[in-house]
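Trainee: What would the 3D arrangement of this be:
(5 chains)
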Amino acid sequence: MLIARVIGEVVSTQRHASHNGQKTLLVQPLNLDGTDRGEAVVAMDAVDAGVGDRVLLVTEGFSAMTSVERPNSPIDMAVVGVIDHIELLEQV
Amino acid sequence: MLIARVIGEVVSTQRHASHNGQKTLLVQPLNLDGTDRGEAVVAMDAVDAGVGDRVLLVTEGFSAMTSVERPNSPIDMAVVGVIDHIELLEQV
Amino acid sequence: MLIARVIGEVVSTQRHASHNGQKTLLVQPLNLDGTDRGEAVVAMDAVDAGVGDRVLLVTEGFSAMTSVERPNSPIDMAVVGVIDHIELLEQV
Amino acid sequence: MLIARVIGEVVSTQRHASHNGQKTLLVQPLNLDGTDRGEAVVAMDAVDAGVGDRVLLVTEGFSAMTSVERPNSPIDMAVVGVIDHIELLEQV
Amino acid sequence: MLIARVIGEVVSTQRHASHNGQKTLLVQPLNLDGTDRGEAVVAMDAVDAGVGDRVLLVTEGFSAMTSVERPNSPIDMAVVGVIDHIELLEQV
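Mentor: Next comes the predicted model:
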């Protein structure tokens, strides 16, 4: 999984029927220092995340399809957790 | 999923039988600012998208195979939505 | 899928039993302008493609395994079509 | 699989129900010489690895989901082994 | 699949039970001219390959899991063939 931030939503009327009723989020993957990690991607929401949340992002199809409990829905990325905090090892 | 634009079609007579009757689109992944994101790729059409449309692109095999409801068809990318608009978080 | 050109064959005697009788192609992914897109990869042939052909390449395991109708054969790339031509949108 | 080091943990309350009770590790992929290989990623723990351990990391969804024996849990990376040592071929 | 060379072995005692008895190889992906292609990765052995062999490497989970006939074993890369030789197209 990657750490990411929700930065928007994608609105699409003409889409795969299985996607109806799913929130489609625009998320920006992040490095540990909070800087952008590549470009933003589009992911289905599996945990009712909101814009601005720091989240866990799965980036693989079978996992993403599982996350929303719609096995026949073509999804390849999903938000599966909202991060409270990250505990980093002290690097002595 | 990635944001992409349909820029053409690929015509192929000698192909996997399961692909017959499927529209094979040439799509260019895009960054949020509309610039090209890497090189164009080839994707099956699952939502009757047309050339020029801004679309949602799944880039994983199992998801793509699901999108066209042909579970035995070898596909690894598919167009699963036509984007109306994108709502971006205000970055205050 | 990616656009690619068949540039050779790989010969292997000591290999997974499920691969026997399958043609193993060396293919070079291509950009739209015909230049090389990264390095060559190795793919199973699902459509009787020949050296020199411009082809459609799936680059995902489940899709590739499906393409040769051998669900228990470990394959992660396959040639699934020979390209006749590509119709590009006029960029006015 | 990649070689990686466990460098922390990710704490998340609002998450996919199937993730409850799983330790979510922050791991840094490594090159053979021990230097960082890209940025850190987030992986489920399947072998009770601890912070500081050098581990084997699977980076594919179906494999990762299998590793924790929760087939309906959306995971795309998992720690599946703690490395004792690596035997390198003498490069004469 | 990628062309690679076996350059070592990874030894791990504390690991996923399904991995027991499997040889875990360190393999270096190669370009066609024999130079290194990125960094070394770790793969399960499905064809009794040895250190120094030039091999075919699958880099996708479902395919890799299939290769060792252990469908419940978390693996994302496997060595599935030892290469005898590669026939390259004459580039006239």
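Trainee: which residues does the spatially most central residue of chain A form a beta bridge with?
Mentor: Centroid-nearest residue in chain A: A:Val79, 3.0 Å away (criterion: CA atoms, centre = their mean). Counting by DSSP bridges, A:Val79 is bridged to A:Asp45, A:Leu57.
Trainee: Would you mind listing what in chain A touches chain B?
Mentor: Contacts of chain A with chain B, taken as CB under 8 Å from any CB of the partner chain, map to A:6-16, A:19, A:24, A:26, A:39-43, A:51-52, A:60-62, A:64-65, A:72-77. Every C-beta, even on glycine, is put in place using the N, C-alpha and C of the backbone.
Trainee: what does chain A put close to chain D?
Mentor: Residues of chain A lying near chain D (CB under 8 Å from any CB): A:1-3, A:31-32, A:37, A:46-49, A:56, A:58-64, A:66-67, A:78, A:80-89, A:91.
Trainee: switch to 6 Å and redo it
Mentor: Within reach of chain D by CB under 6 Å from any CB of the partner chain, chain A has these residues: A:1, A:31-32, A:46-47, A:58-60, A:62-63, A:66-67, A:80-89.
Trainee: hmm, which of these are the buried ones?
Mentor: A:1, A:46-47, A:58-60, A:62-63, A:66-67, A:80-83, A:86 (16 or more other CB atoms under 10 Å in any protein chain shown).
Trainee: The top strand by length along chain A pairs with which strands?
Mentor: Secondary structure of chain A read by DSSP state E shows that its longest strand is strand A:2-11. Applying DSSP bridges, strand A:2-11 is found paired with strand A:24-29 (antiparallel), strand A:54-58 (antiparallel), strand B:85-88 (antiparallel).
Trainee: Can you add mean pLDDT and give those strands back as JSON lines?
Mentor: What follows is these, written out as JSON lines (pLDDT from 0 to 100):
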{"stretch": "strand A:24-29", "mean pLDDT": "96"}
{"stretch": "strand A:54-58", "mean pLDDT": "96"}
{"stretch": "strand B:85-88", "mean pLDDT": "93"}
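Trainee: Give the buried residues for the longest strand of chain A.
Mentor: So for strand A:2-11, counting by 16+ other CB under 10 Å, buried means A:2-10.
Trainee: Render the CA-only coordinates of that strand in CSV, please.
Mentor: Extracted in CSV, the C-alpha atoms of strand A:2-11 (Å, rounded to 0.1, in the frame of the first residue of the first chain):
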residue,chain,number,x,y,z
LEU,A,2,1.0,3.6,-0.5
ILE,A,3,0.5,6.6,1.8
ALA,A,4,-1.6,9.2,-0.1
ARG,A,5,-3.8,12.3,0.4
VAL,A,6,-7.3,12.7,-0.9
ILE,A,7,-7.3,15.9,-3.1
GLY,A,8,-10.6,15.7,-5.0
GLU,A,9,-13.3,13.7,-6.6
VAL,A,10,-13.9,12.5,-10.2
VAL,A,11,-17.5,12.9,-11.5
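Trainee: for that strand, the distance to its chain's centre please.
Mentor: 6 Å (CA atoms, centre = their mean, to the nearest Å).
Trainee: what's next to it, contact-wise?
Mentor: A:24-30, A:42, A:49, A:51, A:53-55, A:57, B:84-89 (CB atoms under 6 Å, 6 or more residues apart in numbering or on different chains).
Trainee: Pull out the buried members of those residues.
Mentor: Judged by 16+ other CB under 10 Å, buried ones among these: A:24-30, A:42, A:49, A:51, A:53-55, A:57, B:86.
Trainee: Doesn't A:Gly21 lie inside a helix?
Mentor: No - going by DSSP: H, G, I helix; E, B strand; the rest coil, the assignment for A:Gly21 is coil, not a helix.
Trainee: What count of nearby residues applies to it?
Mentor: 7 (other CB atoms under 10 Å in any protein chain shown).
Trainee: cool, and A:Ile75?
Mentor: 32.
Trainee: Same question for A:Lys23.
Mentor: With other CB under 10 Å as criterion, A:Lys23 counts 17.
Trainee: In what element of secondary structure is A:Met65 found?
Mentor: In the assignment (DSSP states H and E), A:Met65 maps to helix A:61-67.
Trainee: That helix: how far from the chain's middle?
Mentor: Centre-to-centre, helix A:61-67 and its host chain are 11 Å apart (CA atoms, centre = their mean).
Trainee: average pLDDT for that helix?
Mentor: Averaged across helix A:61-67, pLDDT comes to 83.
Trainee: Would you confirm that A:Val79 contacts A:Asp53?
Mentor: No - using CB atoms under 6 Å, A:Val79 is not in contact with A:Asp53; the gap is 8.2 Å.
Trainee: and the helix or strand bottoming out on mean pLDDT in chain A with chain E, contact?
Mentor: Ranking every helix and strand in chain A by mean pLDDT, DSSP states H and E puts helix A:61-67 at the bottom, with a mean of 83. No - Helix A:61-67 is not in contact with chain E by CB under 6 Å from any CB; minimum separation 8.2 Å.
Trainee: In terms of secondary structure, what does that helix contact?
Mentor: On a contact count with 3 or more CB pairs under 6 Å, 6 or more residues apart in numbering or on different chains; DSSP states H and E, helix A:61-67 meets strand A:78-82, helix B:61-67, helix D:61-67.
Trainee: Format the CA atom coordinates belonging to that helix as PDB.
Mentor: Extracted in PDB, the C-alpha atoms of helix A:61-67 (Å, rounded to 0.1, in the frame of the first residue of the first chain):
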ATOM      1  CA  GLY A  61      -6.800  -4.700  -9.200                       C
ATOM      2  CA  PHE A  62      -7.800  -7.900  -7.400                       C
ATOM      3  CA  SER A  63      -7.200  -6.300  -4.000                       C
ATOM      4  CA  ALA A  64      -9.100  -3.100  -5.000                       C
ATOM      5  CA  MET A  65     -12.100  -5.100  -6.300                       C
ATOM      6  CA  THR A  66     -12.200  -7.000  -3.000                       C
ATOM      7  CA  SER A  67     -12.100  -3.800  -0.900                       C
END
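Trainee: Contacts for it, please.
Mentor: A:46, A:58, A:71, A:73, A:75-78, A:80, B:60, B:62-63, D:16, D:61-62, D:72, D:74-76.
Trainee: could you redo the last one with a cut-off of 8 Å?
Mentor: By CB atoms under 8 Å, 6 or more residues apart in numbering or on different chains, the residues outside helix A:61-67 that reach it are A:43-44, A:46, A:58, A:71-78, A:80, B:58, B:60-64, B:66, D:16, D:61-62, D:64-65, D:72-76.
Trainee: got it, and stretch A:29-37?
Mentor: A:2-5, A:28, A:38, A:40-41, A:54, A:57, A:86, A:88, D:26, D:39-40.
Trainee: ok, now with 6 Å
Mentor: A:2-5, A:28, A:38, D:39-40.
Trainee: Distance from that stretch to the middle of the chain?
Mentor: Per CA atoms, centre = their mean, the centroid offset for stretch A:29-37 relative to its chain is 14 Å.
Trainee: Just the C-alphas of it, formatted as PDB.
Mentor: Extracted in PDB, the C-alpha atoms of stretch A:29-37 (Å, rounded to 0.1, in the frame of the first residue of the first chain):
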ATOM      1  CA  PRO A  29       0.600   9.500  -3.300                       C
ATOM      2  CA  LEU A  30       3.000  10.900  -0.800                       C
ATOM      3  CA  ASN A  31       6.600  10.300   0.300                       C
ATOM      4  CA  LEU A  32       7.300   9.900   4.000                       C
ATOM      5  CA  ASP A  33       8.300  13.500   4.300                       C
ATOM      6  CA  GLY A  34       4.900  14.500   2.900                       C
ATOM      7  CA  THR A  35       6.100  15.600  -0.600                       C
ATOM      8  CA  ASP A  36       4.300  14.300  -3.700                       C
ATOM      9  CA  ARG A  37       5.300  10.800  -4.900                       C
END
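Trainee: Understood, closing this out.
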